[in-house]
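Undergrad: No sequence on hand, only this structure:
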């Protein structure tokens, strides 16, 4: 079959709207194109089934014209030869990519049938990253971001994830992808799929293992290094947006607000509350832990953490979290304690620490 290059005449362009009609969207053939039907013109052109027609740039990557069957006077031309051109070799029509982009290939037969085939030209066959298997261990409920380099692709990148805990976005200025992952109560592996402007794809596997360790050894050392009374907590509540509750207080500012005393029912209360223990759960709020009296250094006790951001009388809630209290130090100078609770229902590790000088 001899290829004949052609340009449609002005007369044809003028008359085309009167004789050409497009079929409905439901007539799409495997995502490649819609066959354009012409009343009274037999022999519609059938497209080869498969994915949308895409060609890699370069003569060595040319692809056969995706048309099924034999047609008399088959012709083809590219509507943008800066993107793709049509060539012939041994009677076979090929489409060759010239430059990354998208255009249309117009195909016609001697009986007057026409079809317009979208073609996408790409430089890279897939999207590739410097790290395609990210593995990390994160504290329950915590989120972390990892950057990877995008090393091959065809621009205009978008990402989808099969797990809502994992997402990614591409920074055009740096050429880097930021992958964000959050730890759940169980280990998981998520797949991020990146699609570029030429519909080429690449994936990143993200594996996250949850940790239920409230404080690392280095963090414990930092807590013990405090030289004045100080308290801190990171707890999940509807009112706090998961922002750590942090309230430092010093003996020379509000010394009467700190609490370190035995209370009723064999309990001990440690922390800070506005106007002291007398106004516990009232006043202007605070942060304390309550645990079994007599628990000393190196021991643990079940108890609870209580906090309020401000005056409950003003509508601020008072929140309680059951958990484990560990006493790290307890002597004549100070008490150092930590609180932890793995809330599996809400997938969050509630924690806090207390350094109270006496």
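TA: The structure has been received and is ready for your questions. Not measured: the values here are computed from a predicted model.
Undergrad: can you give me the helices for the protein?
TA: 10-19, 217-224 (DSSP state H).
Undergrad: looking at these, which has the lowest confidence?
TA: Among these, helix 10-19 carries the lowest mean pLDDT, a mean of 30.
Undergrad: quick one: pLDDT of residue 261?
TA: Per-residue pLDDT puts residue 261 at 90.
Undergrad: In contact with it, which residues?
TA: By C-beta atoms under 8 Å, 6 or more residues apart in numbering, the residues touching residue 261 are 268, 269, 277. The way it works is simple: take the backbone N, C-alpha and C, and place the C-beta from them, glycine included.
Undergrad: Could I get the average pLDDT for stretch 53-72?
TA: Per-residue scores along stretch 53-72 average to 87.
Undergrad: for stretch 190-199, same thing?
TA: On average, stretch 190-199 scores 94.
Undergrad: Straight-line length of that stretch, end to end?
TA: Stretch 190-199 has an end-to-end distance of 21 Å (C-alpha to C-alpha, to the nearest Å).
Undergrad: what's the burial count for the closest residue to residue 149 other than its chain neighbours?
TA: Spatially, and ignoring its direct neighbours in sequence, residue 149 is nearest to residue 130 (3.9 Å; C-beta to C-beta, 6 or more residues apart in numbering). By other C-beta atoms under 10 Å, 11 other residues sit near residue 130.
Undergrad: and what of residue 102?
TA: Residue 102, neighbours per other C-beta under 10 Å, totals 16.
Undergrad: And for residue 90?
TA: For residue 90, using other C-beta under 10 Å, the count is 5.
Undergrad: Against residue 74, how distant is the most centrally placed residue in the chain?
TA: Residue closest to the average C-alpha location in the chain (C-alpha atoms, centre = their mean): residue 167, at 0.5 Å. The gap separating residue 167 from residue 74 is 48 Å, by C-beta to C-beta, to the nearest Å.
Undergrad: what's the answer for residue 334, then?
TA: In terms of C-beta to C-beta, residue 334 sits 90 Å off from residue 74.
Undergrad: what does residue 99 give?
TA: Going from residue 99 to residue 74 by C-beta to C-beta gives 26 Å.
Undergrad: Those two - which one has more neighbours?
TA: residue 74 (20 against 13).
Undergrad: from what I can see the more buried one touches residue 105, true?
TA: No. When contacts are counted by C-beta atoms under 8 Å, residue 74 is not listed as touching residue 105 (12.0 Å).
Undergrad: which residues touch residue 101?
TA: 80, 82, 83, 120, 121.
Undergrad: Dig out what it forms beta bridges with.
TA: residue 121 (DSSP bridges).
Undergrad: where does it land on pLDDT?
TA: 90.
Undergrad: could you list every residue that touches residue 320?
TA: Residue 320 makes contacts with 304, 305, 306, as judged by C-beta under 8 Å, 6+ apart.
Undergrad: my bad, should have said residue 78
TA: Here residue 78 is in contact with 84, 85, 86, 95, 103, 104, 105, 106, 119 (C-beta under 8 Å, 6+ apart).
Undergrad: Filter the residues you listed down to the ones in strands?
TA: Among these, the residues falling in strands (DSSP state E) are 84, 85, 86, 95, 103, 104, 105, 106, 119.
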